[in-house]
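Colleague: Provided below are the primary sequence and the corresponding predicted coordinates.
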Number of protein chains: 2
Amino acid sequence: MPTRRSERPAILLGALNGHLGYFIRRLQVWVFQDFIRTLAPIKISPAQFSVLAVISDNRGLSQAELAMTLGIERARLVRLLHRLEQRGLIQRLRSAADGRRHALQLRPRGRTVLMRANALAAKHEGRLIDMLGAERHALLLGALRDL
Amino acid sequence: MPTRRSERPAILLGALNGHLGYFIRRLQVWVFQDFIRTLAPIKISPAQFSVLAVISDNRGLSQAELAMTLGIERARLVRLLHRLEQRGLIQRLRSAADGRRHALQLRPRGRTVLMRANALAAKHEGRLIDMLGAERHALLLGALRDL
DNA sequence: TATTGTTATACTCTATAACTATA
DNA sequence: TATAGTTATAGAGTATAACAATA
């Protein structure tokens, strides 16, 4: 027979305990909040960071390829890229081979910002490791990286 | 020296490979999409499901307690609960002891809907297990449940 | 016809501040 | 004065559909 240990009984999660999605969601919310605050000085959101990182390592890729790689809607990418272009971080070049495509690449300023973003993102990752413990962090990364 | 195995080189994730948050986010998006589609017949969102589940197992708790338990903004809960109340799934009772608090509880219809929701959510969880593999699913649940 | 980029719409989520009523 | 619930706002994210230019 279970006994209460505190005056106020703890609130139960009920059916949620069996659902991985609930715990994934909670962790994801924590990650976004910490990431956004950490990169606030350079005003780079998680989505913008992922876009800059992928363009950096895949110079000349198209918007459709970028959208599919990151699982972002093509329509949403338009506004996202427009802002990065306005800030002088990226460039959209019409492809010579296929007039429909935009070849994406970082501008010098984008490379600089990405370097700062990487440094700040590393600090965020450090806090995530602190929270999870290094072993659990490695376990999760290994389990999720190759899906 | 690495060699290319396909005509078109695969798109690289670059710096994202070191960030657990990226992979957590991708999985979380998959989970939400599948959950929403699975529970579409009864029009219950992930947030609504979590609210019904916690109220069910903690009859009479307040909105502030519920908000803190689920990590939802108090302000957002208001509209969420309002809709569930309009649908006849929950009830807000003024607390006799403290006039500021609303004691939350499921109405009979809410209990019925939650039972259907649990059945559909189990199907969703089955698909998640299929995608991850049973061992990985158990590994992740164990690693995330006690944060 | 199909694809790429674009525009538009509607709804939800997130963050924030401020208001009211009760304590 | 502090707390519980509420209202309001702005900015993102998500899901759609439809359009023009190009293939």
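Modeller: It's in.
Colleague: quick one: low-confidence ranges for chain A?
Modeller: A:1-8 (pLDDT under 70).
Colleague: which residue ranges form the strands in it?
Modeller: A:90-94, A:102-106 (DSSP state E).
Colleague: centre-most residue in chain A?
Modeller: Centroid-nearest residue in chain A: A:Pro46, 3.9 Å away (criterion: CA atoms, centre = their mean).
Colleague: roughly how far apart are it and B:Leu104?
Modeller: Going from A:Pro46 to B:Leu104 by CB to CB, to the nearest Å gives 33 Å. Using the backbone N, CA and C atoms, a C-beta is placed for each residue, glycine as well.
Colleague: cool, and A:Leu70?
Modeller: According to CB to CB, A:Leu70 stands 39 Å off from B:Leu104.
Colleague: neighbour count winner among those two?
Modeller: Per other CB atoms under 10 Å in any protein chain shown, whichever of A:Leu70 and B:Leu104 has more neighbours is B:Leu104, with 24 against 20.
Colleague: tell me the bridge partners for that one.
Modeller: B:Arg92 (DSSP bridges).
Colleague: not counting sequence-adjacent ones, nearest residue to A:His102?
Modeller: Distances taken as CB to CB, 6 or more residues apart in numbering or on different chains place A:Arg92 nearest to A:His102, at 4.2 Å, with adjacent residues excluded.
Colleague: burial check on A:Leu93, number of neighbours?
Modeller: 11.
Colleague: again but with A:Leu20, I slipped
Modeller: A:Leu20 - counted by other CB under 10 Å - has 20 other residues nearby.
Colleague: pretty sure it is touching B:His124, no?
Modeller: No: checked against CB atoms under 8 Å, the pair A:Leu20 and B:His124 is beyond contact range at 10.1 Å.
Colleague: A:Leu139 and B:Leu139 touch, don't they?
Modeller: Yes: at 7.1 Å, A:Leu139 counts as touching B:Leu139 under the criterion of CB under 8 Å.
Colleague: circling back: just the strands of chain A: most buried one?
Modeller: Ranked by mean neighbour count, the strands of chain A are led by strand A:102-106 with a mean of 19 (mean count of other CB atoms under 10 Å in any protein chain shown).
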